[in-house]
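1. got a structure for you, letters missing:
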């Protein structure tokens, strides 16, 4: 009854829970079972990533002091995050995935002036036509664009908010599309995995096209101010050097570019990017440390073996290196010394049958046997340590050998990479100098910006259809168990609160105001007066 709750005892609380146990259990089973079923039947989400690296394309500014690399990369990565997650890039990637066909953008303008002009006009028309198609798609699919913005993230090694890094990732989380998969007649998981992978590839392509388009528009104004043939020649040299550098990265260095850069000394590890050359030096240092330890252990093992080879326990001598690290042996050695002193003191004064002398000799013999046993255990421990050290030494040696072989195979690319980088820097410097001479100062102030070269390091990988990133089954089950318990207890105490039936003899006497003259006990139960 309601007034009982003002002073509910532990016994009454247990009675409330026990009396409604099966109802509480049913609520818990329904909640956990329902959440588990919904989780298992819910659409799965799959993830893939593309890895890119950004490097400053020019080191000088015609009119201003060179900005620190940190500030350039902070501004650049922030800008690229906005470009990648823009409606234009997302819609372009989606249209590449599902159609319609978009006009292709050819950024190769050629060398001949007339050819360059014709291709520039064709590029402008294709860009305008693509922009119109993308705008129509965005306006016609606002809900789809909202979903796409949630599925795409741009991350750096320090997290989504860290921008000081030369590398960044484009991450895509794509859910299952049961209806579309049924229309195509394909398995839902395999269809979602391929859609995730293909959309990410199209997203990278759309980003590269958009980035190149924006850079072209930004630099197109600069070309209008080039007045002399020397500036045009310097620009052509810069384009040739850039093309040679990009060709080297795509065709020769490929996925080994960070290692080649570290071997040439142009890649810093300050941002957390640890190169294989640094790892190789660390392995060699570890090998030297292990070699020193092996030598010390072998010397110590040899000294102990020499002592154990002695037949007479009284001639045992514990090596100093063993005594330094073994407190038990130090105490035993001190005890043996004391016993020897006692025996030496008693022998001249008493006969060999003297009880104290016999007891001291016996204890000395037992202590010497313990010392031999301790030395034997120490020798066994050193054997085990030697095996572990040699196993680690062998593993590190194999890893170092493989890394050295890989570095040796890439060594011929390092001089070529350094030459291309030097030529690119020289061409950039010459081009900047010639442009500075041919530009109007007021216009150059707006155009003197440092572009950044973007290179795709790792293509998007195919997600595993058996390992979706969402939903998380164990987390949902844990939350459902907690929620089920809360609801079960709420049900138990609310139902008891509104239950006005009499449960005991005391309640009958208290609420009816008359004494109970007799009661009929329930079979199998006990009537207990409280």
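-> Received the coordinates, thanks. None of these values were measured; they are calculated from a predicted model.
2. Give me the distance between the longest strand anywhere in the chain and the centre of its chain.
-> Taking DSSP state E as the criterion, the chain has its longest strand at strand 45-56. Strand 45-56 has its average C-alpha position 14 Å from the chain's average C-alpha position, going by CA atoms, centre = their mean, to the nearest Å.
3. now stretch 501-519
-> Per CA atoms, centre = their mean, the displacement of stretch 501-519 from the mean C-alpha position of its chain is 68 Å.
4. Compute the first-to-last residue distance for it.
-> Stretch 501-519 stretches 16 Å from its first residue to its last (CA to CA, to the nearest Å).
5. pLDDT on that stretch, on average?
-> Stretch 501-519 shows a mean pLDDT of 73 in the predicted model.
6. Show me what counts as buried in the helix or strand hosting residue 428.
-> Applying DSSP states H and E as the criterion places residue 428 in helix 413-438. Applying a neighbour-count criterion of 16 or more other CB atoms under 10 Å, one finds 413-414, 417-418, 420-421, 423-424, 427-428, 430-432, 434-436, 438 buried in helix 413-438. In short, each C-beta sits where N, CA and C put it, glycine included.
7. same question, stretch 26-43
-> Residues of stretch 26-43 classed as buried under the neighbour-count rule (16+ other CB under 10 Å) are 27-28, 31-32, 35, 39.
8. Return the set of buried residues in stretch 81-97.
-> Judged by neighbour count (16+ other CB under 10 Å), stretch 81-97 contains these buried residues: 81, 84-96.
9. So residue 364 belongs to a helix, correct?
-> Yes - counting by DSSP: H, G, I helix; E, B strand; the rest coil, residue 364 is part of a helix.
10. starting at the chain centroid, how far to the strand or helix carrying residue 211?
-> With elements delineated by DSSP H and E, residue 211 resides in helix 188-224, which encompasses its position. Centroid separation for helix 188-224 versus its chain: 26 Å, with CA atoms, centre = their mean.
11. Does anything pack onto that helix? Which helices or strands?
-> In this structure, helix 188-224 makes packing contacts with strand 45-56, helix 69-84, helix 87-98, strand 167-175, helix 178-184, helix 441-447, strand 452-458, judged by 3 or more CB pairs under 8 Å, 6 or more residues apart in numbering; DSSP states H and E.
12. how is the protein carved up into domains?
-> The chain breaks down by automatic domain parsing into domains covering 2-39+474-512, 45-225+439-458, 278-408.
13. Need the winner for burial among these.
-> When neighbours are counted by mean count of other CB atoms under 10 Å, the highest per-stretch mean among those falls to domain 45-225+439-458, a mean of 16.
14. related to what we said a few turns ago, would TSV of the domains of the chain with distance to residue 520 be doable?
-> Putting these into TSV (distance: least, CB to CB, whole Å) gives the following:
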stretch	distance to residue 520
domain 2-39+474-512	12
domain 45-225+439-458	62
domain 278-408	76
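15. Tell me which of the ones you listed lies nearest to residue 236.
-> Judged by CB to CB, the one of those that comes nearest to residue 236 is domain 45-225+439-458, at 7.2 Å.
16. can you give me how far that closest one is from the chain middle?
-> Using CA atoms, centre = their mean, the mean C-alpha position of domain 45-225+439-458 is found 25 Å from that of the whole chain.
17. how long is that domain from one end to the other?
-> 22 Å.
18. hmm, back to that, pLDDT averaged over the helix holding residue 211 - what is it?
-> Mean predicted lDDT for helix 188-224 stands at 82.
19. Go through the next helix or strand after that helix and flag the buried ones.
-> Using DSSP H and E, the next helix or strand after helix 188-224 towards the C-terminus is helix 229-248. Of the residues in helix 229-248, those with enough neighbours to count as buried (16+ other CB under 10 Å) are 231-232, 234-235, 237-238, 241-242, 244-245, 248.
20. who does the longest strand of the chain touch, helix- and strand-wise?
-> Strand 45-56 is packed against helix 69-84, strand 167-175, helix 188-224, strand 452-458, with contacts defined by 3+ CB pairs under 8 Å, 6+ apart.
21. can we see that at 10 Å?
-> In this structure, strand 45-56 packs against helix 69-84, strand 152-155, strand 167-175, helix 188-224, helix 257-264, strand 452-458, with contacts taken as 3 or more CB pairs under 10 Å, 6 or more residues apart in numbering; DSSP states H and E.
22. pLDDT averaged over it, what's the number?
-> 83.
23. and the angle from it to helix 229-248?
-> Here strand 45-56 runs at an angle of 140 degrees relative to helix 229-248 (axes from the mean of the first three to the mean of the last three CA atoms, to 10 degrees).
24. what angle sits between strand 45-56 and helix 188-224?
-> For the pair strand 45-56 and helix 188-224, the angle between their directions (the same axes, to 10 degrees) equals 20 degrees.
25. quick one: low-confidence ranges for the stretch 201-350 of the chain?
-> Low-confidence segments of the stretch 201-350 of the chain (pLDDT under 70): 218-232, 249, 251-280, 325.
26. how much space between the closest residue to residue 235 other than its chain neighbours and residue 246?
-> For residue 235, the nearest residue in space outside its immediate sequence neighbours is residue 431; the separation is 5.5 Å by CB to CB, 6 or more residues apart in numbering. Shown here: residue 431 relative to residue 246, a distance of 16 Å by CB to CB, to the nearest Å.
27. Mind checking what secondary structure the nearest residue to residue 476 once chain neighbours are set aside has?
-> Beyond its immediate neighbours in the sequence, the residue positioned closest to residue 476 (CB to CB, 6+ apart) is residue 39, lying 4.6 Å away. Classification of residue 39 using three-state DSSP returns helix.
28. wouldn't residue 39 be in contact with residue 468 here?
-> No - taking contacts as CB atoms under 10 Å, residue 39 lies outside contact range of residue 468: 11.1 Å.
29. where are the low-confidence patches of the stretch 51-200 of the chain?
-> Scanning the stretch 51-200 of the chain for pLDDT under 70 picks out the ranges 55-75, 107-113, 158-165.
30. For residue 309, see how far away the closest residue to residue 308 other than its chain neighbours is.
-> Nearest residue to residue 308, sequence neighbours excluded (CB to CB, 6+ apart): residue 375, at 5.7 Å. Distance, residue 375 to residue 309, by CB to CB: 11 Å.
31. cool, and residue 513?
-> With distances defined as CB to CB, the gap from residue 513 to residue 309 amounts to 100 Å.
32. name the element the closest residue to residue 27 other than its chain neighbours belongs to?
-> Across the structure, with CB to CB, 6+ apart as the measure, the residue nearest residue 27 apart from its sequence neighbours is residue 488 (4.6 Å). Using DSSP H and E, residue 488 falls within helix 473-497.
33. That helix packs against which elements?
-> With contacts taken as 3+ CB pairs under 10 Å, 6+ apart, helix 473-497 sits against helix 10-19, helix 21-41.
34. Tabulate the ones you listed (a markdown table), appending mean pLDDT and distance to residue 215.
-> Supplementary listing: those in a markdown table, determined by pLDDT from 0 to 100; distance: least, CB to CB, whole Å:
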| stretch | mean pLDDT | distance to residue 215 |
| --- | --- | --- |
| helix 10-19 | 79 | 70 |
| helix 21-41 | 87 | 46 |
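35. Can you check which of the ones you listed gets nearest to residue 330?
-> Shortest distance between residue 330 and these, using CB to CB, is found for helix 10-19: 58.0 Å.
36. the inter-axis angle of that closest one versus helix 21-41?
-> 60 degrees.
37. From the chain's centre, how far out is helix 10-19? Work that out for me.
-> Here helix 10-19 is found 49 Å from its chain centre; the criterion is CA atoms, centre = their mean.
38. what angle do it and helix 473-497 make?
-> Here helix 10-19 runs at 110 degrees with respect to helix 473-497, directions being taken by the same axes, to 10 degrees.
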